[in-house]
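Enquirer: Predicted model and sequence follow; I will ask about them next.
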Amino acid sequence: MRWTQTFIPTMKETPEGAEIPSHVLMLRAGLITQVMAGAYTYLPLGLRALRKAERIVREEMDAAGAVELLMPAITPLSLWEQTGRVEAFGDVLITFSVRRQNRQVHIALGPTHEEVITDLIARHISSYRQMPITLYQIQTKFRNEERPRFGVLRTSEFIMKDAYSFDATVESLAGSYQKMYDAYCRIFDRCGLDYLAVEAESGPIGGDVSHEFMVPAENGEDRIVHCRDCGYAANLERAEIGARGNVPPDVPLEPVETVPTPGSTTIEQVSRLLGCRPEQMIKTLIYLADGQPVAVLIRGDHEANENKVRRALGATHLALADPETIERVTGAPVGFAGPVRLKQPIPIWADRDVEPLRNAVTGANQADAHLRNVNPGRDYQVEGYLDLRIAQHGDPCPRCSSQLALRHAIEVGHVFKLGTKYSEALSARFLDENEQLHPIIMGCYGIGINRIIAGLVETSHDEAGIIWPVALAPYEVEIVPLNVADEATRRLAGRLHQRLAAAGIEVLLDDRGVRAGVKFKDADLVGFPLRVVLGPRSLKEGKLEIKWRWEADAESIDLEEADQAIAELVRDERATANRFRQYAQRRGD
RNA sequence: CGGGGCGUGGCGCAGUCUGGCUAGCGCGCCUGCUUUGGGAGCAGGAGGUCCCGGGUUCGAAUCCCGGUGCCCCGACCA
């Protein structure tokens, strides 16, 4: 391809509103352009990168035995009503009605396709002999994001690879799940992404096991913990905390004392008023677990992890209690709850970090008052001490004796053991070998194709621009003739271009009649992996210059058979990605 | 959905507080000459509903009212 014949609107300046590197660089390099909040056009270069990511995903899904199909983006709203997800999605689900003759057809744009595929399977699979099977598609999804942001990382329309497995037994599901997990590792490896597979929260319904594939990045929306020593990694929503070796301080237990704290309902206000540190305070949260009130004690400087609480209580639904319930249970308005002398006897569970607290400060269960010198056993009893709080940077690792690091990350993939939620709701059942009817056991597996690109750019760039691995680069090689006014240069460049293209190399020829500096800047900005310069200096000596984007220096190679040498280099990098890996390694250190 | 910011040729911005000549600057674009290894120089030129609607005024990019779009922080995110 010739630069003058395609469409690459690069920009010298950063458009207003773009802040994070991936957004800035994708706009400036002419990969994307915004159409509205949360919707982008993929320009020719951006589309090429996207297609390459898609192809890697497709190849690995096929290799893992998954079978591709394509479902429609428009789906009947009734399907979503059957699974209760019209409410679950709320405004995120884009719905509309169209007229057909004398009736209204209610349509939802698919934000994901569990309903559609389960409905399909329900119609066509009825025997254990037809399973296991995994189906996938690469398709545009629609979610009306409350707040689209970060360029292409969070949009209302995006391309997703979504796969769904169907198994007769949980053992079989484990196999299907593992195949997808392994395929995901290969996919993100091939894309050159620096990723972590983290344990993820599977949510209150259906699933029991789930992993997310995360690209650690400053601007990621998710937060994960990672142990460098043993490799434990988990989404913050799920992250366990290791043994803390909490030993209560050897101090005399002071008598409980009620102190007035008018209007002070937060940890911060009370700690300031009473001159105590938040870590000396006990936060008492009243939850409704499947409708039953329960008290949860968390150290003042910590935060409750509601997923942990829900799991620990074996509840399906968990939510902070409403003010009326709190008042009924504690006898005080919101903000003054404590474990001592609750008005109504309810179970009290505490986080492990509450156990060693002595002479602590907590709510007095009466308006405008707190208690000092509260101690466990003497003043209140708990059902038990459990891991109930959100992990923090530096917390002990749950798997080894090391510490957890907290990092931001971009979620690029998610694998999920779904169970039978959708098969039950949509009657997708099969007969086993004993003629027993069971709901089909499902798994679902998503990859955000756009996020692969954005994640790569976000983590692989320098001041000058993007640094693509060959696997995702819009073009593998860019030929830069410095003086296109020179007939000989033009002819040489054209011939090289032709030969490389004929050799199956993805090559772009910058044939613009602009100054050398402009071409160099654009080459760095877009970030093609291999740059080939034909300039008067080296041409005189029968040489041309090649330079990998991530290397500082160029090297000269003979003009004679340069095409073969370059093709060989590119093929080698395609096969091994060794050079890019070395750069990524250096970058990581 | 709460809080904040912005909207002026294709892009980035000034001008708005304190209303007043023909709305300005840089980049980009077009023409010509010179130049040619890291975003060239000179000369000439094209390109504008100053986000939209209403109001105040002799006069509005500028003041007032309403709307709308975009961005950021937070809440939310199968």
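Expert: That came through fine.
Enquirer: Run through the residues that contact A:S271.
Expert: By C-beta atoms under 8 Å, 6 or more residues apart in numbering, A:S271 lies in contact with A:R277, A:P278, A:M281, A:G300, A:V361. C-beta coordinates here come from the backbone N, C-alpha and C atoms, glycine included.
Enquirer: filter those residues to the buried ones?
Expert: Restricting the contacts of A:S271 to buried positions leaves A:P278, A:M281, A:G300, A:V361, with burial counted as 16 or more other C-beta atoms under 10 Å.
Enquirer: Tell me the spatial nearest neighbour of the last one, not counting adjacent residues.
Expert: Setting aside the residues directly before and after it, A:V361 is nearest to A:M281 in space (C-beta to C-beta, 6 or more residues apart in numbering), at 4.6 Å.
Enquirer: Tell me which residue is most central in chain A.
Expert: Closest to where the C-alpha atoms of chain A average out (C-alpha atoms, centre = their mean) is A:E411, at 1.1 Å.
Enquirer: Test my guess that the residue nearest to A:V361 contacts A:Q269.
Expert: No - A:M281 sits out of contact with A:Q269 when judged by C-beta atoms under 8 Å, with a separation of 11.1 Å.
Enquirer: Dump the contacts of A:S271 to CSV, plus distance to A:L318 and secondary structure.
Expert: Formatted as CSV, those follow (distance: C-beta to C-beta, whole Å; DSSP: H, G, I helix; E, B strand; the rest coil):
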residue, distance to A:L318, secondary structure
A:R277, 29, coil
A:P278, 24, helix
A:M281, 23, strand
A:G300, 21, coil
A:V361, 26, strand
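Enquirer: could you dump the residues you listed to TSV with pLDDT and distance to A:G527?
Expert: Shown next, in TSV, are the contacts of A:S271 (pLDDT from 0 to 100; distance: C-beta to C-beta, whole Å):
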residue	pLDDT	distance to A:G527
A:R277	91	50
A:P278	90	47
A:M281	94	52
A:G300	91	48
A:V361	95	56
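Enquirer: before we move on, the earlier item: from the buried ones among the contacts of A:S271, pick the one nearest A:H497.
Expert: Taking C-beta to C-beta as the measure, A:H497 lies nearest A:P278 of those, at 65.8 Å.
Enquirer: wait, that closest one sits on A:G300?
Expert: Yes - shown here, A:P278 and A:G300 form a contact pair, counting by C-beta under 8 Å, at 3.7 Å.
Enquirer: overlap in contacts of the two?
Expert: Taking C-beta under 8 Å, 6+ apart as the contact rule, the neighbours common to A:P278 and A:G300 are A:I267, A:S271.
Enquirer: Write out the residues of the stretch 451-589 of chain A neighbouring RNA strand B.
Expert: A:464, A:482-483, A:485, A:514-518, A:520-525, A:533, A:535-539, A:545, A:547, A:554 (C-beta under 7 Å from any atom of the strand).
Enquirer: let's go with 6 Å and repeat that
Expert: Where proximity means C-beta under 6 Å from any atom of the strand, the interface of the stretch 451-589 of chain A facing RNA strand B comprises A:464, A:482-483, A:485, A:515-518, A:520-522, A:524-525, A:533, A:535-538, A:545.
Enquirer: where does chain A dip in pLDDT?
Expert: A:203-208 (pLDDT under 70).
Enquirer: mind giving me the domain ranges of it?
Expert: A:53-73+A:112-240+A:407-451, A:257-386, A:468-588 (automatic domain parsing).
Enquirer: All the helices of the stretch 301-450 of chain A, in order from the start?
Expert: A:306-313, A:323-330, A:421-425, A:449-459 (DSSP state H, counting those that start in this stretch).
Enquirer: Check what contacts the third one and list those residues.
Expert: Around helix A:421-425, the neighbours that count as contacts under C-beta under 8 Å, 6+ apart are A:82-84, A:114-115, A:118, A:121-122, A:205-206, A:428-429, A:439-442.
Enquirer: how distant is it from the center of its chain?
Expert: Put simply, helix A:421-425 sits 26 Å off its chain's centre (C-alpha atoms, centre = their mean, to the nearest Å).
Enquirer: one step back: A:E573: which of the helices of the stretch 301-450 of chain A is closest?
Expert: Proximity to A:E573, assessed across these by C-beta to C-beta, is greatest for helix A:449-459 (15.7 Å).
Enquirer: and A:C400, what does it touch?
Expert: Contacts of A:C400 by C-beta under 8 Å, 6+ apart are A:C227, A:D229, A:C230, A:Y232, A:G242.
Enquirer: Which positions in stretch A:518-525 come out as buried?
Expert: Neighbour counts using 16+ other C-beta under 10 Å place A:K519, A:F520, A:D522, A:A523, A:D524, A:L525 of stretch A:518-525 among the buried residues.
Enquirer: buried stuff in the longest strand seen in chain A?
Expert: What stands out as the longest strand in chain A, according to DSSP state E, is strand A:405-419. By neighbour count on 16+ other C-beta under 10 Å, the buried set for strand A:405-419 is A:405, A:407-419.
Enquirer: Also near RNA strand B: which of the residues you listed, exactly?
Expert: Answer for the buried residues of strand A:405-419 near RNA strand B (C-beta under 6 Å from any atom of the strand): A:H414.
Enquirer: Just the closest of the buried residues of strand A:405-419 to A:E218, please.
Expert: Taking C-beta to C-beta as the measure, A:E218 sits nearest to A:H408 out of the buried residues of strand A:405-419, at 5.9 Å.
Enquirer: Just list whatever residues bridge to that closest one.
Expert: With DSSP bridges as the criterion, A:H408 is bridged to A:R223.
Enquirer: Now A:I138: which helix or strand?
Expert: Element membership for A:I138, per DSSP states H and E: strand A:133-142.
Enquirer: May I have that strand as PDB, with CA atoms only?
Expert: What follows is strand A:133-142 as a C-alpha-only set of coordinates in PDB (Å, rounded to 0.1, in the frame of the first residue of the first chain):
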ATOM      1  CA  ILE A 133     -19.500 -28.200  22.400                       C
ATOM      2  CA  THR A 134     -18.200 -24.600  22.400                       C
ATOM      3  CA  LEU A 135     -19.500 -22.000  20.100                       C
ATOM      4  CA  TYR A 136     -18.200 -18.500  19.500                       C
ATOM      5  CA  GLN A 137     -18.700 -15.400  17.500                       C
ATOM      6  CA  ILE A 138     -16.900 -12.100  16.900                       C
ATOM      7  CA  GLN A 139     -19.500  -9.500  16.900                       C
ATOM      8  CA  THR A 140     -20.400  -5.900  17.800                       C
ATOM      9  CA  LYS A 141     -22.000  -5.400  21.200                       C
ATOM     10  CA  PHE A 142     -24.100  -2.500  22.400                       C
END
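Enquirer: anything in that strand near RNA strand B?
Expert: No - counting by C-beta under 6 Å from any atom of the strand, RNA strand B has no neighbours in strand A:133-142; the shortest distance is 7.5 Å.
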